[in-house]
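Enquirer: Just a sequence and a predicted model for now, questions to come.
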Amino acid sequence: MTIQNFVVTADQMRQIETRIFAAGMPVAALMEKVAGLIARRIQALLKAEGSSATGSVRDLTDRRKREEGKNLVKSQFPVIGVLVGPGHNGGDALVVARELHFQGFQVVIYCPFSKLKELTKNHADYARSLNIPFFDKIEALKNCDLLVDGLFGFGLEREIINATAAALDEINNLNIPILSIDLPSGIHTDTGEVLGTAIRAKHTLCLGLWKMAFLQDRALEYIGSSELIDFDIPAADIAAILGETPAIQRITRASATQHLPLPRSPISHKYTNGHLLIIAGSRRYSGAAILAALGARASGIGMLSIAVPESIKAMLSSQLPEALVIGCPETQSGAISELPVAIDLSSYDAIAAGPGLTLEAAIAVESVLESDRPLVLDADGLNILAQLGTVPILSERSALTIITPHPGEFKRLFPELADRTGEDRIAATQAAAQLCGATILLKGAKVCISCKEEGDSLPDSYASRTITYLNPESTPALARGGSGDVLTGLLGGLLATAIARKSPLQSVAATAAWWHAQAGIMAAKERTELGVDAFTLTQYLIPTLREFAE
Ligand SMILES: NC(=O)C1=CN([C@@H]2O[C@H](COP(=O)(O)OP(=O)(O)OC[C@H]3O[C@@H](n4cnc5c(N)ncnc54)[C@H](OP(=O)(O)O)[C@@H]3O)[C@@H](O)[C@H]2O)[C@@H](O)CC1
Ligand SMILES: Nc1ncnc2c1ncn2[C@@H]1O[C@H](COP(=O)(O)OP(=O)(O)O)[C@@H](O)[C@H]1O
Ligand SMILES: [K+]
């Protein structure tokens, strides 16, 4: 695992930093080191010519100048407003202010607080001694090209109210690009909740280790684009607090591609490369079956069988000549009424069921749930499961079960957790995994996956531990019907292949979520965020694999 895989709460960050100070690193020295890195990064971002709009602050400041057209102070350096809070976030900001000042930037400091932590006060005194202008009125910031937000970092625990809240809202309304230090001020480090009000940053520099907030959907509009500022936290300190296998992990290219079924064994044959059965589709939703099957095809699955209602069998065969398409008995409306007796479920490594089934396929879903097959359940498969009773049925299953709800399906599956999906999605999936023992993949901007830790060698104190994988990067281009069906097929294919190859299963869902999102990103880059229909998405899965798995 690399530094990019770790995710911490405020409390864990505090514990890790306490170890660093206890080992002898002076607090002031660490602040100087960290803020020096921040100052240099800000200068690099300002100088970045033509880098991606979200990444380069310079683009933003230049664009603002063009938009304003007004004759700002003529200087080759933008005017930087530095927002200073009472704690060490403010301390960082003061060091940044001083260093940018020495680099020739015009710096203006805004600090409405009178009671500062001692180290922060020292830096404030020194900045004043350098005649860097201090103001406690937001008016002074209106001509700035960029604001650096050092008001609150991971030490914020209380709601921001009254004058402080009013100040943050006024700062947001200046409509000046903001770069936040560690977290956008006002965002709860762990849950991503807005504590009263929060700074809307264009870009956030997260310090040392990724905080949980960066993986909570509701914080994204405040964080903007983000990057990690690595300040050499010793691995031993991280392991001491997070353990050898951290309970929460951020999915990276390295961790996602670690268990891909590449390279293939030269003596493999189609069955050693996995046999997946997809149960999907209805006359009404035939496309869902096709999309799931195309997702499975891209996984490299050795053998693909697809069970669909008899009346759409020919359609599937024409789309996927390599697949074994099984026509099932169907209801009046063209849904699978039951699985044909000829299907022997034990002949498949895994089953993926749900896309486009409609609620009429309950008998087929029940027989799959009763089987001992590893299972990916999605869409109507989940709605049927919810009707049958999620927790009792899933707790009964001995085989691996991965469910892939979007927030709406999640609420139907776990009514007792319903109010938490819009909030702390991470806690909601952990609670669901604890409740039913299945792997929960909660879809959204940052896919969150929680599962019971596997491995029989674990001390039983671990047995009830859940491991959570968070996918940090995706694209709203995926937010359209059908892209979830593609994920189901891709995930089912990877699961069946991993089982056939006797590879580890715990991170298969993380690999699928990451691959699916990266294909969406690649497609959006080439076709804009409006150009990624679900079929197109399936066509980008292999080009994505080529780029990342070589
Ligand atoms: N540990 C280190 O040395 C390193 C830390 N680093 C930096 O320090 C940051 C963490 O610093 P921190 O712990 O001082 O807290 P911080 O986020 O600055 O703010 C808390 C302060 O705000 C106040 N306050 C709280 N709520 C409030 C409210 N609603 N309304 C008004 N005030 C409120 C609260 O005062 P209180 O009233 O609670 O006593 C407290 O003083 C971290 O994000 C990173 O930037 C890096 O340099 C690496 C080394
Ligand atoms: N704002 C977003 N940013 C990134 N990915 C998203 C966003 N909204 C949804 N997604 C992804 O798009 C897919 C939508 O799937 P789903 O809601 O199940 O649609 P369907 O069931 O019609 O296929 C999921 O993979 C989800 O993670
Ligand atoms: K901040």
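Expert: Okay, I see it. Ligands and ions are numbered 1, 2, ... in the order given.
Enquirer: Where does G327 sit: helix, strand or coil?
Expert: Following DSSP: H, G, I helix; E, B strand; the rest coil, the label given to G327 is strand.
Enquirer: is it in a bridge, and if so with what?
Expert: Counting by DSSP bridges, G327 forms beta bridges with V308.
Enquirer: neighbours of it, just the number please.
Expert: Residues near G327, counting by other C-beta atoms under 10 Å, number 17. Using the backbone N, CA and C atoms, a C-beta is placed for each residue, glycine as well.
Enquirer: Also M13?
Expert: M13: 22 surrounding residues under other C-beta under 10 Å.
Enquirer: Repeat that for the one 5 residues further on.
Expert: Using other C-beta under 10 Å, T18 has 12 other residues around it.
Enquirer: Is the helix or strand harbouring it positioned near ligand 1?
Expert: Taking DSSP states H and E as the definition, one finds T18 inside helix 10-22. Yes. Interface with ligand 1: helix 10-22 contributes E17 (C-beta under 6 Å from any ligand atom).
Enquirer: wait, does that helix contact ligand 3?
Expert: No. For helix 10-22 and ligand 3, the contact criterion (C-beta under 5 Å from the ion) is not met; the two come no nearer than 12.8 Å.
Enquirer: What helices and strands are in contact with that helix?
Expert: If contacts are counted by 3 or more C-beta pairs under 8 Å, 6 or more residues apart in numbering; DSSP states H and E, helix 10-22 sits against helix 27-47, helix 235-242.
Enquirer: Mind listing what's buried along it?
Expert: Within helix 10-22, the residues that count as buried by 16 or more other C-beta atoms under 10 Å are 10, 12-13, 16-17, 19-20.
Enquirer: just those residues now: which is nearest L262?
Expert: Q12 (34.4 Å; C-beta to C-beta).
Enquirer: how near is that closest one to S225?
Expert: Distance of Q12 to S225, computed by C-beta to C-beta, to the nearest Å: 24 Å.
Enquirer: still on that earlier bit, will you turn the helices and strands packed on helix 10-22 into CSV that also has mean pLDDT?
Expert: Shown next, in CSV, are those (pLDDT from 0 to 100):
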stretch, mean pLDDT
helix 27-47, 96
helix 235-242, 97
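Enquirer: Including mean neighbour count, could those helices go into a markdown table?
Expert: Listed next are these as a markdown table, based on neighbours: other C-beta atoms under 10 Å:
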| stretch | mean neighbour count |
| --- | --- |
| helix 27-47 | 18 |
| helix 235-242 | 15 |
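Enquirer: need the ones you listed in CSV with distance to ligand 1, can you?
Expert: CSV is the format used below for the helices and strands packed on helix 10-22 (distance: least, C-beta to the nearest ligand atom, whole Å):
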stretch, distance to ligand 1
helix 27-47, 4
helix 235-242, 13
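Enquirer: Ok, which of those comes nearest A335?
Expert: helix 235-242 (47.0 Å).
Enquirer: can you list the residues that contact that closest one?
Expert: 6, 8, 12, 15-16, 19-20, 209 (C-beta atoms under 8 Å, 6 or more residues apart in numbering).
Enquirer: what angle do that helix and helix 10-22 make?
Expert: Angle between the axes of helix 235-242 and helix 10-22 is 140 degrees (criterion: axes from the mean of the first three to the mean of the last three C-alpha atoms, to 10 degrees).
Enquirer: now the helix or strand immediately after helix 235-242 in the chain: how far from the chain's centre is it?
Expert: Scanning forward in sequence from helix 235-242 by DSSP H and E, the next helix or strand is strand 248-250. Chain-centre distance of strand 248-250: 10 Å, with C-alpha atoms, centre = their mean, to the nearest Å.
Enquirer: other SSEs contacting the helix or strand just after strand 248-250?
Expert: Next helix or strand after strand 248-250 toward the C-terminus (DSSP H and E): helix 253-257. Using 3+ C-beta pairs under 8 Å, 6+ apart as the contact test, the elements touching helix 253-257 are helix 508-527, helix 541-549.
Enquirer: what about helix 253-257, average pLDDT?
Expert: Helix 253-257 shows a mean pLDDT of 94.
Enquirer: residues of that helix that come out buried?
Expert: 255-257.
Enquirer: so which of those are also by ligand 1?
Expert: Counting by C-beta under 6 Å from any ligand atom, no member of the buried residues of helix 253-257 is near ligand 1.
Enquirer: Strands along the stretch 251-400 of the chain, start to end?
Expert: 275-279, 303-309, 324-328, 350-353, 375-377 (DSSP state E, counting those that start in this stretch).
Enquirer: Nearest to ligand 1 among these would be which one?
Expert: strand 375-377 (39.6 Å; C-beta to the nearest ligand atom).
Enquirer: what are the pairing partners of that closest one, and which direction each?
Expert: strand 350-353 (parallel), strand 401-403 (parallel).
Enquirer: Tell me the gap between the last one and the middle of its chain.
Expert: Its chain's average C-alpha position is 19 Å from that of strand 401-403, according to C-alpha atoms, centre = their mean.
Enquirer: isn't T488 right up against L375?
Expert: No. Judged on C-beta atoms under 8 Å, T488 makes no contact with L375 at a distance of 11.0 Å.
Enquirer: Give the residues shared as contacts by those two.
Expert: The contact lists of T488 and L375 share A352, where a contact means C-beta under 8 Å, 6+ apart.
Enquirer: quick check, nearest of the buried residues of helix 10-22 to ligand 2?
Expert: Among the buried residues of helix 10-22, A10 lies closest to ligand 2 (C-beta to the nearest ligand atom), at 25.7 Å.
Enquirer: D217: how many residues sit nearby?
Expert: Neighbours around D217, by other C-beta under 10 Å: 19.
Enquirer: Show the backbone phi and psi for it.
Expert: phi -50, psi -40 (degrees, to the nearest 10).
Enquirer: Make sure it is actually in contact with G192.
Expert: Yes. Look at D217 against G192 with C-beta under 8 Å: they come within range, at 7.5 Å.
Enquirer: So which residues make contact with stretch 284-294?
Expert: Around stretch 284-294, the neighbours that count as contacts under C-beta under 8 Å, 6+ apart are 278, 280-281, 304, 306, 308, 312, 315-316, 319-320, 323, 333-335, 352, 355-358, 379, 482, 485-486, 488-489, 492, 534-535, 538.
Enquirer: Confirm for me that F105 is in contact with V96.
Expert: No. Counting by C-beta under 8 Å, F105 does not reach V96; the two are 10.1 Å apart.
Enquirer: who has more neighbours, the two?
Expert: V96 (29 against 23).
Enquirer: Now that one: closest residue in space that isn't a chain neighbour?
Expert: A39 (4.7 Å; C-beta to C-beta, 6 or more residues apart in numbering).
Enquirer: likewise D92?
Expert: Among residues not flanking D92 along the chain, A35 sits closest, at 4.5 Å (C-beta to C-beta, 6+ apart).
Enquirer: Against L228, how distant is the one you found?
Expert: In terms of C-beta to C-beta, A35 sits 16 Å off from L228.
Enquirer: Can you pull out the low-pLDDT segments for this protein?
Expert: For the chain, applying pLDDT under 70 flags the ranges 49-76, 421-422, 455-463, 550.
Enquirer: That one against ligand 1: which residues are in contact?
Expert: Proximity of the chain to ligand 1 is confined to 17, 27, 30-31, 34, 85-90, 92, 117, 152-160, 164, 181-182, 207 under the rule C-beta under 6 Å from any ligand atom.
Enquirer: Restricted to helices, list those residues.
Expert: 17, 27, 30-31, 34, 88-90, 92, 164 (DSSP state H).
Enquirer: Adding distance to A289, write those out as a markdown table.
Expert: Shown next, in a markdown table, are these (distance: C-beta to C-beta, whole Å):
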| residue | distance to A289 |
| --- | --- |
| E17 | 52 |
| V27 | 60 |
| L30 | 56 |
| M31 | 57 |
| V34 | 53 |
| H88 | 55 |
| N89 | 52 |
| G90 | 57 |
| D92 | 54 |
| T164 | 55 |
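Enquirer: Good, wrapping up.
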